[in-house]
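Novice: Compute the structure for the input listed below.
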Amino acid sequence: MNEQITPLAYLAAAVLFVFALKKMASPKTARLGNLLGAVGMLIAIGFTLAARSGGVPAVRGVGWAFVVIGALVGAGAGAFLAITVKMTAMPQMVAVFNGLGGLASGLVVFAEVWRYPGAFFDTDPGRYLAVAVGLSTLIGWVTFTGSLVAFAKLQEFVLSGRPMTFPMQRIANFALLGLTVLLIVVWGVAPGQRWLILPVAALAAALGVLFTIPIGGADMPVIISLLNSYSGLAACATGFVLGNPGLIIAGSLVGASGIVLTRIMCVAMNRSLANVLFAAVGSAVAGPADGTERRVTSWTPEDAAMTLDNASLVVIVPGYGMAVAQAQHAVKELADLLSERGVTVKFGIHPVAGRMPGHMNVLLAEAEVPYEQLCDMDEINPELERADAALVLGANDVVNPAARHDESSPIYGMPILNVDKARTVMVCKRSLNPGFAGIDNELFYADNTAMLFGDGKATITAIVAAMKE
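Specialist: I've put the predicted structure just below:
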């Protein structure tokens, strides 16, 4: 009976996964997509545990008590993190989840290798298993340590968010990767040498660290997406080791969707993935090209309130500074106040704003900003040319006009939000410090730009109070 029902259960789970990915493509339906994915995973896990015959692996040699305890601990930890982690720390949590997925794959295949007798690996199935284990170990441990480094750089815990480079770094990375692959090939030729999993895991772990440290905060959305893809590929390889179709399907979908999203992120920055991985953008902080001091215009919240109150169209551009200041609810209050006074309010969202894909959408959704007001870059840029005011909240590199004309700039050619074309630009920022790309922002010195220095939440709250008065 299980032989007939379990494959159908995996098929149903796969269908739910596909619909989940489809629904999560839009902020409006993302919650439903997340629910569908969770239900699909529950079905896949439940039928895997219940399987007792056929080609589907059962719970081999593990008591049900351990399974239940593990499920309760994992569910409790997940619920605790979902409730307590701040939205500003969401990229770090995603990085940790990616890493845990890679670690799980690495540990599972390690246990699987030692479950079989040594003679099994002299058979053809044993040789195939050795190669699958090697690939799962490589991808899993690269994902685990790479995600830990990404977490540390995002949190700026021990590691700085800026790129860390050393001489011949690329050569060292490729040499390490080549040696790891060579060991996997040797293991495939001599599958009885199960001890090879240990150096493969160690080299893969070192590769994950060296692969991630030269990447700066400006490119972290791409890396988060890429590591997510790696965690899916590791799970897929583990599915082949275990002979579990559900794990193969889920891992393939995560891996493919992560690669597609990584590609979208790279296109949004007009850069190749190789450039993101090896260019070390943000390693040096650059000021004005000619070294001269330039004048900026500084406004008070009252000045900003007067301009906004007389506008017809206002475009709000959120960035990571809004997340740090936790200003999304104050921004929602400002947007509602403007809308009540007949002002059209729209939000311009750059694909790589923040520190993970969709970071700004998540923050604004938490503040219950209507989805209809959220516009992507291609949609909002024509609107900016006729906007009376553009309010930039903590965004930096994604609104830097240098990307359009300065060929020496590391962000040259990157599509940006053309906020400088609005009649008046107000930039809410603590200082004139550069963003993650490490370059000065020309927008700050434009004739139509006014700087609102200070904490984002306090500044927006002061603007709202001035408008009410």
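
Novice: Pull the number of nearby residues for residue 191.
Specialist: Per other C-beta atoms under 10 Å, the neighbour tally for residue 191 reads 25. Any C-beta I mention is one placed from the backbone N, CA and C, and that applies to glycine too.

Novice: ok, now residue 4?
Specialist: That count, for residue 4 with other C-beta under 10 Å as the rule, works out to 8.

Novice: Low-confidence stretches in the stretch 301-450 of the chain?
Specialist: 435-437 (pLDDT under 70).

Novice: ok, 80 please
Specialist: 354-357, 410, 433-439 (pLDDT under 80).

Novice: do the stretch 151-300 of the chain as well
Specialist: 156-163, 165-166, 188, 191-192, 194, 216-220, 269-272, 275-294.

Novice: how about the helices of it, start to end?
Specialist: Using DSSP state H, counting those that start in this stretch, the helices of the stretch 151-300 of the chain run over residues 169-189, 197-212, 220-242, 245-269, 273-278.

Novice: most packed of those helices?
Specialist: helix 220-242 (a mean of 26; mean count of other C-beta atoms under 10 Å).

Novice: quick one: that one to helix 197-212, angle?
Specialist: Calculated by axes from the mean of the first three to the mean of the last three C-alpha atoms, to 10 degrees, helix 220-242 forms an angle of 160 degrees with helix 197-212.

Novice: if we can go back for a sec, could the helices of the stretch 151-300 of the chain be laid out in CSV, adding distance to residue 132?
Specialist: Below are the helices of the stretch 151-300 of the chain laid out as CSV (distance: least, C-beta to C-beta, whole Å):
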stretch, distance to residue 132
helix 169-189, 10
helix 197-212, 12
helix 220-242, 5
helix 245-269, 11
helix 273-278, 25
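
Novice: how about those helices, which one is nearest residue 348?
Specialist: helix 245-269 (13.3 Å; C-beta to C-beta).

Novice: got the angle between that closest one and helix 220-242?
Specialist: 160 degrees.

Novice: Tell me how far helix 245-269 lies from the chain's centre.
Specialist: Helix 245-269 has its average C-alpha position 12 Å from the chain's average C-alpha position, going by C-alpha atoms, centre = their mean, to the nearest Å.

Novice: likewise stretch 345-353?
Specialist: 16 Å.

Novice: now do stretch 374-385
Specialist: A distance of 23 Å separates the centroid of the chain from that of stretch 374-385, by C-alpha atoms, centre = their mean.

Novice: closest one to residue 65 among the helices of the stretch 151-300 of the chain?
Specialist: helix 220-242 (21.4 Å).

Novice: what's the pLDDT at residue 464?
Specialist: pLDDT for residue 464: 93.

Novice: now residue 461
Specialist: Residue 461 is given a pLDDT of 94.

Novice: That one and residue 332 touch, don't they?
Specialist: No - the criterion here is C-beta atoms under 8 Å, and residue 461 misses it with residue 332 at 11.8 Å.

Novice: Can you check which of the helices of the stretch 151-300 of the chain gets nearest to residue 439?
Specialist: helix 245-269 (13.8 Å).

Novice: Packing partners of the closest one?
Specialist: helix 2-23, helix 30-50, helix 220-242, helix 273-278 (3 or more C-beta pairs under 8 Å, 6 or more residues apart in numbering; DSSP states H and E).

Novice: export those helices to CSV and tack on distance to residue 438?
Specialist: As requested, the helices and strands packed on helix 245-269 are exported to CSV (distance: least, C-beta to C-beta, whole Å):
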stretch, distance to residue 438
helix 2-23, 35
helix 30-50, 33
helix 220-242, 14
helix 273-278, 15
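
Novice: Looking at the ones you listed, spot the one closest to residue 455.
Specialist: Evaluated with C-beta to C-beta, the helices and strands packed on helix 245-269 place helix 220-242 nearest to residue 455, the distance being 23.0 Å.

Novice: From the contact counts, what lies against that closest one?
Specialist: helix 90-113, helix 124-155, helix 245-269, helix 273-278.

Novice: Output those helices in a markdown table, with distance to residue 357 appended to each entry.
Specialist: Converted to a markdown table, the helices and strands packed on helix 220-242 look like this (distance: least, C-beta to C-beta, whole Å):
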| stretch | distance to residue 357 |
| --- | --- |
| helix 90-113 | 9 |
| helix 124-155 | 13 |
| helix 245-269 | 6 |
| helix 273-278 | 13 |
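
Novice: Among these, which comes closest to residue 377?
Specialist: helix 245-269 (7.4 Å).

Novice: end to end, how far does stretch 418-433 reach?
Specialist: In stretch 418-433, first residue to last residue: 20 Å (C-alpha to C-alpha, to the nearest Å).

Novice: got the buried residues for that stretch?
Specialist: Residues of stretch 418-433 classed as buried by neighbour count (16 or more other C-beta atoms under 10 Å): 418-422, 424-429.

Novice: Identify, from those, the entry nearest to residue 392.
Specialist: Closest to residue 392, out of all of the buried residues of stretch 418-433 and judged by C-beta to C-beta, is residue 427, at 4.5 Å.
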